[in-house]
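A.B. asks: just coords:
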DNA sequence: GTGACTGCAAATAATTTGCATTACA
DNA sequence: TGTAATGCAAATTATTTGCAGTCAC
């Protein structure tokens, strides 16, 4: 879930203006419980802001990633999905059927990372983890 | 690393023809120690096969993903990187500076996945993990 | 021999940019 | 009011497709 007030505040602090268009994009993302493509965000946000342009959606998504309000995700068919990222260090669990998306934090990988660092000589800076499965509602389907 | 002979054999078994172009693409990927974009594969493979077309590279990469010889990766700047995937269940560790790529298998997540399944009600089908860091050679740089 | 494979060019899709205009703060 | 942000259209980039010719088996 995305907390509109706190994101809005963050935008202000960073000197970004709170425009009607940005508000519409935020509401679109906050109102969805699944990861969205730029086109989906556009379609949804347009309902609240009829003169929104697709380019603005791209520009806004970039800003939201920059301030950490949403996170870029990998999708099976390619890339460029976005989902809210409320947690400082969060990952996503996505339903392969309906794309419902849940954020979780306890990935518990420090021990494994340490082991890998000493084995490879790499210094690991970050990790990227996504889980794909079936949400409770979709488990019967297909 | 990519074992040319075994991939070639897999291609044959699946009734794919071993063409000069496919060989060049395979050699390009096998000869690199880092993840490559389609354009990089094309540039490299072209050195061994001057009349190679970019479309063929795309078609070949699709086939290689299909037979599991390489794996699609997420890159920070977007998507569509490819790296060899020799292990049945492997993940990648990528250097953020030079893009050197190492595959590893022991991700050790079963306990965490179980916990998450019971907490969320999801059935987790697969996970996607990538680590980004600095390889030994690049640790001084920047 | 023949069907899968190819290069090329054209088509499509996705994203970014330039610029005159608008609207936050 | 001044400047960042916008919509639109054009430009760019990435990927896919159609098709006549080619080549692996």
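C.D. replies: Right, received. Where do you want to start? Just so it is clear, the structure is predicted and the values come from calculations on it, not from any experiment.

A.B. asks: and chain A, which of its residues are near chain B?
C.D. replies: A:74, A:78-80, A:93, A:95-96, A:102, A:104, A:106-109, A:111-113, A:115-117, A:120-136, A:139 (CB under 8 Å from any CB of the partner chain). Where you see a C-beta, it was placed from the backbone N, CA and C, and this is true even at glycine.

A.B. asks: Could you pick out the residues of chain A near DNA strand D for me?
C.D. replies: A:15-17, A:19, A:21-22, A:49, A:51-53, A:55-56, A:59-60 (CB under 7 Å from any atom of the strand).

A.B. asks: the helices in chain A, which residues?
C.D. replies: A:4-13, A:20-30, A:38-46, A:54-66, A:110-120 (DSSP state H).

A.B. asks: what angle do the longest one and helix A:38-46 make?
C.D. replies: What that stands for is helix A:54-66. Between helix A:54-66 and helix A:38-46, the angle comes out at 100 degrees (axes from the mean of the first three to the mean of the last three CA atoms, to 10 degrees).

A.B. asks: Quick one: work out the angle between helix A:54-66 and helix A:4-13.
C.D. replies: Using the same axes, to 10 degrees: helix A:54-66 against helix A:4-13 is 90 degrees.

A.B. asks: what pairs with residue A:103 across the strands?
C.D. replies: In this entry, residue A:103 is beta-bridged to residue A:92, by DSSP bridges.

A.B. asks: Chain neighbours aside, what residue packs nearest to the residue most central in space within chain A?
C.D. replies: Central residue of chain A (CA atoms, centre = their mean): residue A:83, 2.1 Å from the mean position. Spatial nearest neighbour of residue A:83, chain neighbours left out: residue A:35 (4.2 Å); criterion: CB to CB, 6 or more residues apart in numbering or on different chains.

A.B. asks: Touching the lowest-mean-pLDDT helix or strand in chain A from outside, list them.
C.D. replies: The least trusted helix or strand in chain A, going by mean pLDDT, DSSP states H and E, turns out to be strand A:78-84, with a mean of 78. Here strand A:78-84 makes contact (CB atoms under 8 Å, 6 or more residues apart in numbering or on different chains) with A:1-2, A:29-30, A:34-38, A:41, A:61, A:64-65, A:69-75, A:92, A:101, A:103, B:74, B:78-80.

A.B. asks: and chain A, which residues reach DNA strand C?
C.D. replies: Near DNA strand C, when you scan chain A using CB under 7 Å from any atom of the strand, you find A:12, A:17-20, A:37-39, A:54-55, A:58-59, A:62, A:79-80.

A.B. asks: let's see 10 Å
C.D. replies: A:8, A:11-12, A:15-23, A:37-39, A:42, A:49, A:51, A:53-59, A:61-62, A:72, A:77-81 (CB under 10 Å from any atom of the strand).

A.B. asks: Can you convert the helices of chain A into JSON lines and add a column each for mean neighbour count?
C.D. replies: Shown next, in JSON lines, are these (neighbours: other CB atoms under 10 Å in any protein chain shown):
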{"stretch": "helix A:4-13", "mean neighbour count": "14"}
{"stretch": "helix A:20-30", "mean neighbour count": "20"}
{"stretch": "helix A:38-46", "mean neighbour count": "18"}
{"stretch": "helix A:54-66", "mean neighbour count": "16"}
{"stretch": "helix A:110-120", "mean neighbour count": "14"}
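
A.B. asks: Mind putting the ones you listed into a markdown table with mean pLDDT?
C.D. replies: A markdown table is the format used below for these (pLDDT from 0 to 100):
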| stretch | mean pLDDT |
| --- | --- |
| helix A:4-13 | 94 |
| helix A:20-30 | 96 |
| helix A:38-46 | 96 |
| helix A:54-66 | 96 |
| helix A:110-120 | 94 |
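
A.B. asks: Now distance to residue B:87 too, for the ones you listed, in JSON lines please.
C.D. replies: Converted to JSON lines, these look like this (distance: least, CB to CB, whole Å):
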{"stretch": "helix A:4-13", "distance to residue B:87": "40"}
{"stretch": "helix A:20-30", "distance to residue B:87": "36"}
{"stretch": "helix A:38-46", "distance to residue B:87": "34"}
{"stretch": "helix A:54-66", "distance to residue B:87": "31"}
{"stretch": "helix A:110-120", "distance to residue B:87": "14"}
